[in-house]
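Visitor: Everything below, folded, please.
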Amino acid sequence: MKYARDTQPSLNNEETAQLLFEALPWIKSLTGRTVVIKYGGAAMVDKRLRSDVMSDILLLKIIGARIVIVHGGGADINEALSHYDLPVEFKNGQRVTSPEAMEIVREVLVGKVNQELVAAINRHGTVAVGVSGSDAGTLMAEQLDPELGRVGRITSVNADYLESLMDNEYIPVVATVAQGEDGGFYNINADVAAGAIAQAVHAHKIIFLTDVDGLYEDFSDKSSLISNLTLEETEALLARGDIDKGMIPKLQSCVNALRGGVFRAHIINGTIPHSLLIELLTSTGSGTVMHSTMESYEQDQHPLGAFAARLA
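Guide: Numbers count the residues shown, from 1 in each chain. As a prediction, the model looks like this:
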């Protein structure tokens, strides 16, 4: 377990050139690889932050990454439910979703949030395609718990549909509304959906953009930010049961994704400008990364040296 990396000072020209050289192995590691980004929180609500994140995602696509964006929309859903005098209720971190609330969830996620994100990306180039989880059976689900109403457990993912969009140079932007096995619709936790999609499309990385800097050993101690974890260490933290409750779905999704073949999982603060690029294209990083294997962990510690050796 390795604790937080030092923050990077302002750079002069020589340091800037070195930083660009440092990015080469990271760019190489992403080219042609699939990256699933779960997008939410303040980075999605704030229009300026959203524009910055979309620009960063487009840059990742330009350098050759295959991108899938998965989003929720909790703040917008809460606002809409309040507008219609419908209760906002959660149990065990899941939104209780009545049939009436499910209609609002669909309207907000598919008709509003999804289209706003697609438009934000397409201002930089016509590459994004909005996808409801119910389109082409992208997400199929069954009821998770009768007490939660129309909250679903994913039963299958149509990876072929998402792959076909990426093969045609598009970025699928997935709203987490699933088609029900019973013919209806289900609300899916966006963290869970991102993990399931990452496994299905054999992603190289899954990234959770959040409102915090990453995973803390002790959330009240900001010096205990953890920068690197092995899969086994992540599972041990989950088993301890004292992790911040908001992190549990993300961590469980990370574990599931890593167990399902995803190489690395990242939790970063999307409210920090360009944190996505800093995490993926520099050795400094900006959040917490979980590794599927010890080989992955060791590569993360010395990527530039290995790259330079290959050039020699």
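
Visitor: roughly how far out does stretch 195-206 sit from the chain middle?
Guide: In terms of Cα atoms, centre = their mean, to the nearest Å, the centre of stretch 195-206 is found 10 Å from the chain centre.

Visitor: Show residues contacting it.
Guide: 29-30, 33-38, 68, 70, 139, 154, 157, 159, 162-163, 166, 174, 194, 252-254, 256-257, 260-266, 280 (Cβ atoms under 8 Å, 6 or more residues apart in numbering). C-betas here are computed from N, CA, C, even on glycine.

Visitor: Between the two ends of it, how far is it?
Guide: 7 Å (Cα to Cα, to the nearest Å).

Visitor: tally of neighbours for Ala17?
Guide: By other Cβ atoms under 10 Å, the residues close to Ala17 number 11.

Visitor: That one: which element?
Guide: Applying DSSP states H and E as the criterion places Ala17 in helix 13-30.

Visitor: what residues does the following helix or strand past that helix touch?
Guide: The element immediately downstream of helix 13-30 (helix or strand, assigned by DSSP H and E) is strand 34-39. The contact list for strand 34-39 (Cβ under 8 Å, 6+ apart) reads 53, 57, 60, 65-71, 117, 166, 190-191, 193-194, 197-198, 201-209, 250, 253, 270, 276, 280.

Visitor: Give the partner strands of strand 34-39 in its sheet and their orientations.
Guide: strand 66-71 (parallel), strand 205-210 (parallel) (DSSP bridges).

Visitor: Just the CA atoms of it, as CSV, please.
Guide: Only the C-alpha atoms of strand 34-39 are listed here, as CSV (Å, rounded to 0.1, in the frame of the first residue of the first chain):
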residue,chain,number,x,y,z
THR,A,34,-10.8,0.5,-23.8
VAL,A,35,-11.3,2.9,-20.9
VAL,A,36,-14.6,3.0,-19.1
ILE,A,37,-15.3,6.3,-17.3
LYS,A,38,-18.0,6.6,-14.6
TYR,A,39,-18.9,10.3,-14.5
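
Visitor: How far away from the center of its chain is it?
Guide: Worked out by Cα atoms, centre = their mean, strand 34-39 lies 5 Å from the chain centre.

Visitor: can you check stretch 136-145 too?
Guide: Distance, centroid of stretch 136-145 to centroid of chain: 19 Å (Cα atoms, centre = their mean).

Visitor: do you know how far the most centrally placed residue in the chain is from Asp167?
Guide: Central residue of the chain (Cα atoms, centre = their mean): Lys38, 2.3 Å from the mean position. Using Cβ to Cβ, to the nearest Å, Lys38 is found at 22 Å from Asp167.

Visitor: wait, what's in contact with Thr138?
Guide: 131-132, 157-158, 161-162, 174.

Visitor: Chain neighbours aside, what residue packs nearest to Gly137?
Guide: Residue nearest to Gly137 in three dimensions, not counting chain neighbours: Asn158, with 4.8 Å by Cβ to Cβ, 6 or more residues apart in numbering.

Visitor: Show me the shaky parts of this structure.
Guide: 1-11, 16, 294-312 (pLDDT under 70).

Visitor: mind listing the helices in the stretch 51-200 of the chain by residue range?
Guide: With DSSP state H, counting those that start in this stretch as the criterion, the stretch 51-200 of the chain has helices at 74-83, 99-108, 114-122, 159-167, 190-200.

Visitor: for the ones you listed, which one sits closest to Ala17?
Guide: When those are compared by Cβ to Cβ, helix 114-122 sits nearest Ala17, at 29.9 Å.

Visitor: Let me know the angle separating the closest one from helix 99-108.
Guide: 20 degrees (axes from the mean of the first three to the mean of the last three Cα atoms, to 10 degrees).
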